[in-house]
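Asks: what's the 3D shape of this:
(2 chains)
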2 protein chains.
Amino acid sequence: MSGSLTVVGTGPGKAELMTPATRAVLDRASDLVGYGPYLDRIPATRADQQRHASDNRVELDRARHALSLAAAGRQVVVVSGGDPGVFAMASAVFEAVEHGDPAWRTLDIRVEPGVTAMLAAAAEAGAPLGGDFCAISLSDNLKNWSTIERRLNAAAEADFVIALYNPASKARPHQLGMALDLLRQVKSGTTPVLFVRAAGTAETKVVAATLATADPSVADMRTLVIVGASTTRTVGRWVYTPRSERLT
Amino acid sequence: MSGSLTVVGTGPGKAELMTPATRAVLDRASDLVGYGPYLDRIPATRADQQRHASDNRVELDRARHALSLAAAGRQVVVVSGGDPGVFAMASAVFEAVEHGDPAWRTLDIRVEPGVTAMLAAAAEAGAPLGGDFCAISLSDNLKNWSTIERRLNAAAEADFVIALYNPASKARPHQLGMALDLLRQVKSGTTPVLFVRAAGTAETKVVAATLATADPSVADMRTLVIVGASTTRTVGRWVYTPRSERLT
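Replies: Numbering: from 1, shown residues only, chains lettered A, B, ... in the order given. As a prediction, the model looks like this:
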């Protein structure tokens, strides 16, 4: 049997948010490759299944390892959190293919979609992504901060709802404050801002603020931040963005 | 027992892409409310479950009907395709709450996240959403075309990957061509463009083009269009956006 590689996402955390398609792929795998905490979300199903856990900062090494296993005939699944195509492992796998062994291009490589963090975070709070929106990772490990600023500015000027992935970490405590300050120069202080921690898990916590009052220290590695558009509204305990810009 | 209302998404189409959490909510419902073709995706589980199918253009009426049923003590599920918070019913429900019977604000209203079309479309093609991206609905039924143009321009100038929902319909055959022409004024003609029809179903079809060659007539109501960033690359039969802007 020839090898294969499928990149999957566990969803945001709860087992009930992992798709049956992903579950089926995991059940068929001979080898699971991924960041340790994501692998830990997957119950052991077969004694002969090999697990290859690695650190979070070595995406390309992990991708190459997974491709080598598939080239050797294994049925490999690379495990991301959320959706594997959003700030996750699918991109690293194709990058490794492009710059790696030409034989890897002939492998059976697939991607299974999943529920990405921003969708789970939005659902916890109502429907803040109800209009046009964008997703920006605030991590400048892989891109210049000037690029992030340019995108924040464009998103604010064109009145997108903005979902911020990777808003803060121990190594990057200041980016979110800088991002909010930048957005305050363009957007109204009354704009709803949501800090959703551990969306789609049993420990979910939502903090609703406004752009004027938002405290960046509320966010950590497990937080997704959503900054509303000019049309985004608070009704009772919910925040939503109307489908129509003509409503208000 | 007091009433409740949960807004769910079926995912892009295949049953295997509907989350178990959504499945469980559907199993508990006394009443399902939604656009007919989405309700048709859900196998009948209980003889006592009421189905309320409606046309696609009456989101607010449908939301009010669902809220009335919940206020009368029913366990109501409003069914969208994809994710209910992305160009779908969750926003309409909160809009109906805001402008409707004040008693509706005390109802138990929840949203269950799902796999939205753009994630399934991206997975079919590789990892085109691997960097910062935005989602824009090209439908001008509920917003001005000038707003759409402003967002397309901003997304192109700031080099987001762009996912276009609702690119075309019989009533709106010309918008996608206008959008692509606008993007051509800013972005390179070599930018990868993907037309993914019926992503996440058994009938999926991917057409890969470039911005210079993209033919808008390829798209219909069931197509999701993804326009790459400057860093988006084609490798073999896949298209991906590197996580790093420093790669190329």
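
Asks: could you dump the helix-or-strand element of chain A with minimal mean pLDDT to CSV, C-alpha only?
Replies: Least confident helix or strand of chain A, by mean pLDDT, DSSP states H and E, is helix A:36-39 with a mean of 90. Written as CSV, here are the backbone C-alpha positions of helix A:36-39 (Å, rounded to 0.1, in the frame of the first residue of the first chain):
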residue,chain,number,x,y,z
GLY,A,36,2.0,17.5,21.7
PRO,A,37,-1.1,19.2,23.2
TYR,A,38,-3.1,18.7,20.0
LEU,A,39,-2.2,15.0,19.8
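
Asks: chain center to that helix: distance?
Replies: Mean C-alpha position of helix A:36-39 versus that of the full chain (CA atoms, centre = their mean, to the nearest Å) differs by 15 Å.

Asks: mind listing what's buried along it?
Replies: Buried residues in helix A:36-39, defined by neighbour count with 16 or more other CB atoms under 10 Å in any protein chain shown: A:Y38, A:L39. Every C-beta, even on glycine, is put in place using the N, C-alpha and C of the backbone.

Asks: after that helix comes which helix or strand?
Replies: Note on helix A:36-39: by DSSP states H and E, the next helix or strand toward the C-terminus is strand A:50-54.

Asks: quick one: the strands in chain A, in order.
Replies: With strands called from DSSP state E, chain A shows them at A:4-9, A:31-35, A:50-54, A:75-80, A:108-111, A:126-127, A:133-137, A:161-165, A:192-197, A:205-210, A:223-227, A:233-235, A:238-240.

Asks: ok, A:A122 - contacts?
Replies: Going by CB atoms under 8 Å, 6 or more residues apart in numbering or on different chains, A:A122 touches A:P128, A:L129, A:A163, A:V196, A:I226, B:G85, B:V111, B:P113.

Asks: what's the answer for A:R197, then?
Replies: By CB under 8 Å, 6+ apart, the contact list for A:R197 reads A:E203, A:T204, A:K205, A:V206, A:V207, A:A219, A:D220, A:R222, A:T223.

Asks: neighbour-wise, which one of the residues you listed leads?
Replies: Greatest neighbour count in these, by other CB atoms under 10 Å in any protein chain shown, goes to A:A219: 26 neighbours.

Asks: next one, pLDDT for that residue please.
Replies: We note a pLDDT of 96 for A:A219 in this prediction.

Asks: can I assume it is in contact with A:H174?
Replies: No. The pair A:A219 / A:H174 is not scored as a contact, 11.5 Å apart, by CB atoms under 8 Å.

Asks: re the thing from before, adding distance to A:T231, write the contacts of A:R197 out as CSV.
Replies: Formatted as CSV, these follow (distance: CB to CB, whole Å):
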residue, distance to A:T231
A:E203, 31
A:T204, 25
A:K205, 26
A:V206, 20
A:V207, 21
A:A219, 24
A:D220, 29
A:R222, 28
A:T223, 24
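
Asks: identify the residues contacting the nearest residue to A:G81 once chain neighbours are set aside.
Replies: Distances taken as CB to CB, 6 or more residues apart in numbering or on different chains place A:Y38 nearest to A:G81, at 5.1 Å, with adjacent residues excluded. By CB under 8 Å, 6+ apart, the residues touching A:Y38 are A:T10, A:V79, A:S80, A:G81.

Asks: of the residues you listed, closest to B:L138?
Replies: Closest to B:L138 out of those is A:S80 (29.4 Å), distances taken as CB to CB.

Asks: the nearest residue to that closest one once chain neighbours are set aside: how many residues sit nearby?
Replies: Among residues not flanking A:S80 along the chain, A:A88 sits closest, at 3.8 Å (CB to CB, 6+ apart). When neighbours are counted by other CB under 10 Å, A:A88 registers 30.

Asks: can you check A:K170 too?
Replies: As a burial measure, A:K170 scores 7 neighbours (other CB under 10 Å).

Asks: which residues touch it?
Replies: By CB under 8 Å, 6+ apart, A:K170 lies in contact with A:M221.

Asks: ok, now how distant is it from chain B?
Replies: Distance from A:K170 to chain B, counting by CB to the nearest CB, to the nearest Å: 20 Å.

Asks: do A:Q50 as well
Replies: In this view, A:Q50 and chain B are 24 Å apart by CB to the nearest CB.

Asks: A:L32 is in contact with that residue, correct?
Replies: Yes. Here A:Q50 reaches A:L32: they are 7.2 Å apart, a contact under CB under 8 Å.

Asks: those two: who's more crowded?
Replies: Counted by other CB under 10 Å, A:Q50 and A:L32 do not tie: A:L32 has more neighbours, with 21 against 13.

Asks: the more buried one is in contact with A:V77, isn't it?
Replies: Yes. Between A:L32 and A:V77 there is a contact under CB under 8 Å: 5.4 Å.

Asks: list residues touching both of these two?
Replies: Common neighbours of A:L32 and A:V77 (CB under 8 Å, 6+ apart) are A:L26.

Asks: name the nearest residue to A:G177, ignoring sequence neighbours.
Replies: A:P216 (4.1 Å).

Asks: got the contact list for A:G228?
Replies: By CB under 8 Å, 6+ apart, the contact list for A:G228 reads A:P128, A:V161, A:T191, A:P192, A:V193, A:V239, A:T241.

Asks: excluding chain neighbours, what is closest to the second one?
Replies: With CB to CB, 6+ apart as the measure, A:F133 is the residue that lies nearest to A:V161, at 3.9 Å, once sequence neighbours are left out.

Asks: what's the local residue count around A:I162?
Replies: Counted by other CB under 10 Å, the residues lying close to A:I162 total 26.

Asks: that one bridge partners, please.
Replies: A:C134, A:V227 (DSSP bridges).

Asks: ditto for A:V79
Replies: A:V79 has these beta-bridge partners by DSSP bridges: A:V8, A:G34.

Asks: distance-wise, check the closest residue to A:I226 other than its chain neighbours relative to chain B.
Replies: By the measure of CB to CB, 6+ apart, the closest residue to A:I226 outside its immediate chain neighbours is A:L194, 4.4 Å from it. Distance, A:L194 to chain B, using CB to the nearest CB: 12 Å.

Asks: list the contacts for A:L194?
Replies: A:L194 neighbours (CB under 8 Å, 6+ apart): A:A121, A:A125, A:P128, A:V206, A:V207, A:A208, A:A209, A:V225, A:I226, A:V239.

Asks: make a ChimeraX selection of whichever of those residues turn out to be buried.
Replies: Here is the ChimeraX command that selects only those of the contacts of A:L194 that count as buried (16+ other CB under 10 Å):
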select /A:121,125,128,207,208,209,225,226,239
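
Asks: farthest-separated two in the contacts of A:L194?
Replies: Maximum pairwise distance among those (CB to CB): 14.2 Å, between A:A121 and A:A209.

Asks: residues contacting A:L180?
Replies: Taking CB under 8 Å, 6+ apart as the test, what A:L180 contacts is A:V193, A:L211, A:A214, A:P216, A:V227.
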